[in-house]
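Chemist: Here is my input, please return the structure:
(one chain, ligands or ions: 1)
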Amino acid sequence: MKYNRNENIQKEITEKGYAKINLHLDITGVRADGYHSVSTVMQTVSLCDVLTLSDISLTDGEPHFSVSCNIAGVPCDEKNLAVRAALLLCECVGVSLTAKIDIQKNIPMAAGMAGGSADGAAVLRGLNSALGWPLSIDELCRLGARLGADVPFCIVGGTIYADGRGDMLHEFPKMPDCAIVVACEGEGVSTPWAYRLIDSVYGNFDGSVYAPREVAALKEALVDGNVRAVSENLYNVFEAPVLAERPVATKVKALMEEGGALRAMMSGSGPSVFGIFENDACAESAAKLLEGNGYRAYVCRTM
Ligand code: ATP
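Modeler: This next block holds a predicted model:
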């Protein structure tokens, strides 16, 4: 038991769960457990879900968390990563809690922006804080990895290089503050579908036929704080195969570039597309162009 019952529990807490984009995403092989090993540079952006945990209290019974959400289609039971995170934290800390979790969802779903993982991470941080930090950030990350490969990154945030399943985090030079536009339209992408697709395109990532890209040039661009060079060195192994199947996302990418993005790229397994902009005015006008064409667009910043 890591929790001291004499500690006062905070009854209500609000946490933001931030979306991520991938500045680099490649596959380095397929592991014995069937997961792909990735090499990725992830970046937190200011687009976020807002989670309010209220009526947090100890119970002598089983832990229980009820969920409300502003968006239809988000599971409000134990399939929700926010609930799974809360239950896992209770188990690990050795405490039985009840609470209400309200999710104001702004991150597009099944879009490659780790919206569910961001919510799970926000609950881990929020409940841990409400309990007076019984777990360290490293312990929270290890717990998060049991929920999903992107959760440890969502706990830490910023600019991070990750390998393994995407859950082994390594420090990386920070992305300079800049304007980003994220746009997402069309049917969501299921991550298993996207992996099956790239397996078929790249020959199951057999090392004799597939050579993953280096991140050295991207790293150098980040060290120099050169946003234009960062844009030139974006890479996503999913992009070409997924865009070939998703004409709407292809159109979104073209509009982003027509609207003045230094470069646009699909995030994660898609279909969301982000654009990197030199200034706010350019980002605003690209978002207007996208919205004028009927696509949802969000102007945000790197964090
Ligand atoms: P990733 O980039 O990590 O693969 P994603 O952005 O593509 O994730 P999510 O938005 O996380 O995808 O949602 C994928 C599925 O997860 C949804 O279809 C939904 O059923 C389920 N899910 C569980 N909890 C949540 C949550 N809190 N928010 C959104 N989706 C959730």
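
Chemist: Give the full set of residues in contact with the residue in the chain that the ligand sits nearest to.
Modeler: Nearest to the ligand, among the residues of the chain, is Gly116, at 2.8 Å (C-beta to the nearest ligand atom). In short, each C-beta sits where N, CA and C put it, glycine included. With contact set as C-beta atoms under 8 Å, 6 or more residues apart in numbering, Gly116 has these partners: Asn80, Leu81, Met109, Gly148.

Chemist: Most neighbours among those, which one is it?
Modeler: Neighbour counts for these were taken using other C-beta atoms under 10 Å; the highest belongs to Leu81, which has 28 neighbours.

Chemist: before we move on, which element is the residue nearest to that one when sequence neighbours are not counted in?
Modeler: Counting by C-beta to C-beta, 6 or more residues apart in numbering, Leu81 lies nearest to Gly120, which is 3.7 Å off, once chain neighbours are set aside. Secondary structure assignment for Gly120, by DSSP states H and E: helix 115-130.

Chemist: Spell out which residues of the protein are next to the ligand.
Modeler: By C-beta under 6 Å from any ligand atom, the residues of the chain that approach the ligand are 74-75, 79-82, 103, 109-117, 119, 150, 191, 268-269.

Chemist: of all the contacts of Gly116, which two lie farthest apart?
Modeler: Taking every pair in these and measuring C-beta to C-beta, the maximum separation is 14.3 Å, between Met109 and Gly148.

Chemist: counting residues per strand, which one in the protein is longest?
Modeler: Determined from DSSP state E, the single longest strand within the chain is strand 36-58.

Chemist: next SSE after it?
Modeler: Counting by DSSP H and E, the element that comes right after strand 36-58 along the chain is strand 64-69.

Chemist: Which helix or strand lies directly C-terminal to that following strand?
Modeler: helix 81-93.

Chemist: Next, the residues that contact that next one from outside, please.
Modeler: 1-3, 51, 63, 65, 67, 77-78, 96-97, 99, 101, 103, 116-117, 119-124, 127-128, 131, 134-135, 139, 143-144, 146-148, 151.

Chemist: Of those, which qualify as buried by neighbour count?
Modeler: Buried residues within those, defined by neighbour count using 16 or more other C-beta atoms under 10 Å: 3, 51, 63, 65, 67, 97, 99, 101, 103, 116-117, 119-124, 127-128, 131, 134-135, 143-144, 147-148, 151.

Chemist: residues in contact with Val227?
Modeler: The contact partners of Val227, taken as C-beta under 8 Å, 6+ apart, are Pro176, Cys178, Leu262, Ile276, Glu278.

Chemist: Is there a quick ChimeraX command that grabs whichever of those are buried?
Modeler: Once 16+ other C-beta under 10 Å is used to decide burial, the buried members of these can be selected in ChimeraX as follows:
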select :178,262,276
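
Chemist: Mind putting the contacts of Val227 into CSV with pLDDT?
Modeler: Formatted as CSV, those follow (pLDDT from 0 to 100):
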residue, pLDDT
Pro176, 95
Cys178, 96
Leu262, 98
Ile276, 98
Glu278, 93
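
Chemist: circling back to that earlier point, correct me, but the residue nearest to Leu81 touches Ala145?
Modeler: No: using C-beta atoms under 8 Å, Gly120 and Ala145 do not qualify as a contacting pair, with a distance of 10.9 Å.

Chemist: Which neighbours do these two have in common?
Modeler: With the criterion set as C-beta under 8 Å, 6+ apart, the overlap between the contacts of Gly120 and Ala145 is Val151.

Chemist: Let me know how buried the closest residue to Met168 other than its chain neighbours is, in neighbour terms.
Modeler: Closest residue to Met168 in three dimensions, ignoring its sequence neighbours and counting by C-beta to C-beta, 6+ apart: Ala162, at 6.0 Å. Summarising burial for Ala162: neighbours were counted as other C-beta under 10 Å, giving 23.
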